[in-house]
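> The sequence and its predicted three-dimensional model are supplied below.
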Amino acid sequence: MEGRSPRGGRPRVPRKIGERSTLSLRIATALFEKLDAEATRKGLPLSNEAEARLAMTFNNEAELGGTKTAALLREFAAFALRYKDIGYEGEGTDGWLTDRDAFNEVTALWSRRLDELRDSLPTDDWSDLDEFRADLARADENSKRALRRYAKKLSQITALDPEIRNEYARLAKGETGQ
């Protein structure tokens with residue numbers, strides 16, 4: 001039907017920059033009550049409090065490095081929440097920060113998640129390493145010593161994957177196995 005919104009309902013009226021627009025939505029009663037209580041506490045209209053909190057979600061994502069980074073950090077927070085009641089600070093706190101076992105569990109979960117992300121990223125580092133091995137195999141003794149010193153430097157570059165750095169460290173020590 002002509003003039004209808006692509007999602008159904010009434011057609012949208014063009015918005016003017018700087019003017020306020022109306023937004024209607026349905027939310028859970030518990031969330032409404034929290035929002036209403038906070039607006040009352042601050043002496044603000046409910047719509048102003050809702051707008052401020054909605055805007056804050058966009059600001060928080062930008063402050064956390066972007067949408068994907070913010071989502072990853074929320075995922076990390078969810079891992080930590082599993083252990084919130086453990087530790088020496090009492091129920092409902094950041095107890096995982098005070099209990100070594102819980103701390104190790106949380107950081108292990110984070111490490112596994114980061115490893116999954118790393119494995120999904122493209123890299124040419126392995127082919128570079130293979131090329132380095134070939135150069136090392138063809139080199140004379142003086143050149144091998146120089147290449148091993150260079151391998152030691154490469155093994156300390158944190159931008160490389162840990163496995164690649166370990167391989168360069170092995171080559172720096174004269175180990176040639178793969």
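Now that the structure is in, tell me what you want to look at. Residues are numbered from 1 along each chain as shown.
> Tell me how this protein divides into domains.
Domain assignment of the chain by automatic domain parsing yields the ranges 80-121, 125-172.
> for the chain, what helix or strand is lowest in average pLDDT?
The helix or strand of the chain with the poorest confidence is helix 46-63; it has a mean of 86 (mean pLDDT, DSSP states H and E).
> report the longest helix in the chain, please.
When the chain is parsed with DSSP state H, its longest helix is helix 100-120.
> Around Leu136, how many other residues sit close by?
Using other C-beta atoms under 10 Å, Leu136 has 17 neighbouring residues. Where you see a C-beta, it was placed from the backbone N, CA and C, and this is true even at glycine.
> In what element of secondary structure is it found?
Counting by DSSP states H and E, the element that carries Leu136 is helix 125-138.
> contacting residues for Glu75?
By C-beta atoms under 8 Å, 6 or more residues apart in numbering, the contact list for Glu75 reads Arg113.
> From Arg113, how far out is it?
Distance, Glu75 to Arg113, using C-beta to C-beta, to the nearest Å: 7 Å.
> How about Arg53?
According to C-beta to C-beta, Arg53 stands 28 Å off from Arg113.
> What of Gly43?
Going from Gly43 to Arg113 by C-beta to C-beta gives 42 Å.
> got the CA positions of the longest helix of the chain in PDB?
What follows is helix 100-120 as a C-alpha-only set of coordinates in PDB (Å, rounded to 0.1, in the frame of the first residue of the first chain):
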ATOM      1  CA  ARG A 100      42.500 -17.500  43.500                       C
ATOM      2  CA  ASP A 101      40.600 -20.600  42.200                       C
ATOM      3  CA  ALA A 102      37.700 -18.500  40.900                       C
ATOM      4  CA  PHE A 103      40.100 -16.000  39.400                       C
ATOM      5  CA  ASN A 104      41.900 -18.700  37.600                       C
ATOM      6  CA  GLU A 105      38.600 -20.100  36.300                       C
ATOM      7  CA  VAL A 106      37.500 -16.700  35.000                       C
ATOM      8  CA  THR A 107      40.800 -15.800  33.300                       C
ATOM      9  CA  ALA A 108      40.900 -19.300  31.800                       C
ATOM     10  CA  LEU A 109      37.500 -18.800  30.200                       C
ATOM     11  CA  TRP A 110      38.600 -15.400  28.900                       C
ATOM     12  CA  SER A 111      41.800 -16.900  27.500                       C
ATOM     13  CA  ARG A 112      39.800 -19.700  25.700                       C
ATOM     14  CA  ARG A 113      37.500 -17.100  24.200                       C
ATOM     15  CA  LEU A 114      40.400 -14.900  23.000                       C
ATOM     16  CA  ASP A 115      42.100 -18.000  21.500                       C
ATOM     17  CA  GLU A 116      38.900 -18.700  19.600                       C
ATOM     18  CA  LEU A 117      38.800 -15.200  18.300                       C
ATOM     19  CA  ARG A 118      42.500 -15.300  17.400                       C
ATOM     20  CA  ASP A 119      42.000 -18.600  15.500                       C
ATOM     21  CA  SER A 120      39.200 -16.900  13.400                       C
END
